[in-house]
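Peer 1: quick one: sequence and predicted model below, then my questions.
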Amino acid sequence: MREGYAWVGVSAQRVGVNQLRTWSPARYGSLDVTGAGEFTTDQLSYDIFAQAAAALKARQGADPLGGLEPERLLAIGASQSASRMTTYYNVVLPQATPVFDGYAFVVGSAPTRVGTEPIFQVLSETDVSSPSNRRADSAVFRRWEVAGAAHSGWEGQEYRAPLAVRDLGGAPQYNCTNPPWSRVPLGQVVVAAYGHLARWVADGTVPPTAPYLEFSGTTKARNELGLALGGIQLSQVSVPTALNTGSNSGPSFCLLFGTHRPFDDTQLDALYRNHGSYVSAVDRADAANVASGYILPADAELNQRAAAHSSVGKE
């Protein structure tokens, strides 16, 4: 929204729609994505997703965009929804009339079929389990991997917690092996990717490439602090104040949360001689990422402000 986009969410699968029906029967009770029980494995989800996009362009009847004229439609799928959208692109789209101009697959799989519509894939460190099977960048494909970021990190947890309290009576508690929720802001990279994707489909401006995460054999390579090497290195990783990784274990969804373990004063003192040196290092790292196209200037300002207000390097 900060960059002038409109966002439309589509609940195309049973699990989401059934939750809505339970949560508010008066508002959502009549919704059905099973064809009156005939299709119970989400076979209709692909058409529902595409028809929602077509309705935005047609502007017949209800006008969900409130008078806005859509110039381009970008299909976004994250995690499990990325998997559904991968099937849509690989299998359904060759048999259908395209309605989307570009596709972004976030923390999930991406298509193997080579089509004409641009594809952007953004993965957290959690999602990169092997150095093999990486689809190479091309004229219609980009893959970015973000060091230290988690499939479901701190940003998402902070956003969901008050909603869970409001809608479910409380936020879930997790007993993970390591302190959960990496603080590396994957979202900063994701929104930069959206901007590249929009320009890609608008005028053919090809996005920048990015280095892959490094591996030692089949294990992610790490520095002496335990931080991942390679990939897009945000300032939270290249100028660290904590161990942030995409790895964790334990019950439930712990393996998706990554790890966040703050450095103690001794470690911080060894890394930064004073507060000014820390802030300057953050500024340089963010400036480099802005120049590379990996984050937006507005997010660099947020990082710089956080560094300036931190206690790192202060007496």
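Peer 2: Happy to help now that I have it.
Peer 1: CA atoms for contacts and neighbours, from now on please.
Peer 2: Noted.
Peer 1: does residue 286 touch residue 236 like I think?
Peer 2: No: between residue 286 and residue 236 there is no contact under C-alpha atoms under 8 Å: 9.5 Å.
Peer 1: counting neighbours, go ahead and name the busier of these two.
Peer 2: Applying other C-alpha atoms under 10 Å to residue 286 and residue 236 shows that residue 286 carries more neighbours, namely 27 against 22.
Peer 1: which strand or helix spans residue 11?
Peer 2: Following DSSP states H and E, one finds residue 11 outside all helices and strands.
Peer 1: my guess is it meets residue 17, correct?
Peer 2: Yes: assessed by C-alpha under 8 Å, residue 11 is found in contact with residue 17 at 6.2 Å.
Peer 1: got the contact list for residue 3?
Peer 2: Residues counted as contacts of residue 3 (C-alpha atoms under 8 Å, 6 or more residues apart in numbering): none.
Peer 1: could you check how far it is from residue 36?
Peer 2: 40 Å (C-alpha to C-alpha, to the nearest Å).
Peer 1: now do residue 291
Peer 2: 52 Å.
Peer 1: which of those two has more residues huddled nearby?
Peer 2: residue 291 (12 against 8).
Peer 1: gap between the more buried one and residue 300?
Peer 2: 11 Å.
Peer 1: do the same with residue 276
Peer 2: 17 Å.
Peer 1: equivalent analysis for residue 84, please.
Peer 2: Using C-alpha to C-alpha, one obtains 33 Å as the distance from residue 84 to residue 300.
Peer 1: residue 186 too?
Peer 2: Applying C-alpha to C-alpha to residue 186 and residue 300 gives a distance of 13 Å.
Peer 1: which of those two has more residues huddled nearby?
Peer 2: Per other C-alpha under 10 Å, whichever of residue 186 and residue 300 has more neighbours is residue 186, with 29 against 22.
Peer 1: what's the closest non-adjacent residue to that one?
Peer 2: residue 149 (5.8 Å; C-alpha to C-alpha, 6 or more residues apart in numbering).
Peer 1: contact partners for that neighbour?
Peer 2: Here residue 149 is in contact with 124, 125, 126, 182, 183, 184, 185, 186, 244, 245, 246, 258 (C-alpha under 8 Å, 6+ apart).
Peer 1: among the residues you listed, name the ones in helices.
Peer 2: Those of the contacts of residue 149 mapping onto helices are residue 186, per DSSP state H.
Peer 1: and the contacts of residue 149 as JSON lines, adding distance to residue 48 and pLDDT?
Peer 2: Below are the contacts of residue 149 laid out as JSON lines (distance: C-alpha to C-alpha, whole Å; pLDDT from 0 to 100):
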{"residue": "124", "distance to residue 48": "28", "pLDDT": "98"}
{"residue": "125", "distance to residue 48": "31", "pLDDT": "98"}
{"residue": "126", "distance to residue 48": "30", "pLDDT": "98"}
{"residue": "182", "distance to residue 48": "34", "pLDDT": "98"}
{"residue": "183", "distance to residue 48": "35", "pLDDT": "98"}
{"residue": "184", "distance to residue 48": "34", "pLDDT": "98"}
{"residue": "185", "distance to residue 48": "31", "pLDDT": "98"}
{"residue": "186", "distance to residue 48": "28", "pLDDT": "98"}
{"residue": "244", "distance to residue 48": "38", "pLDDT": "98"}
{"residue": "245", "distance to residue 48": "36", "pLDDT": "98"}
{"residue": "246", "distance to residue 48": "33", "pLDDT": "98"}
{"residue": "258", "distance to residue 48": "33", "pLDDT": "98"}
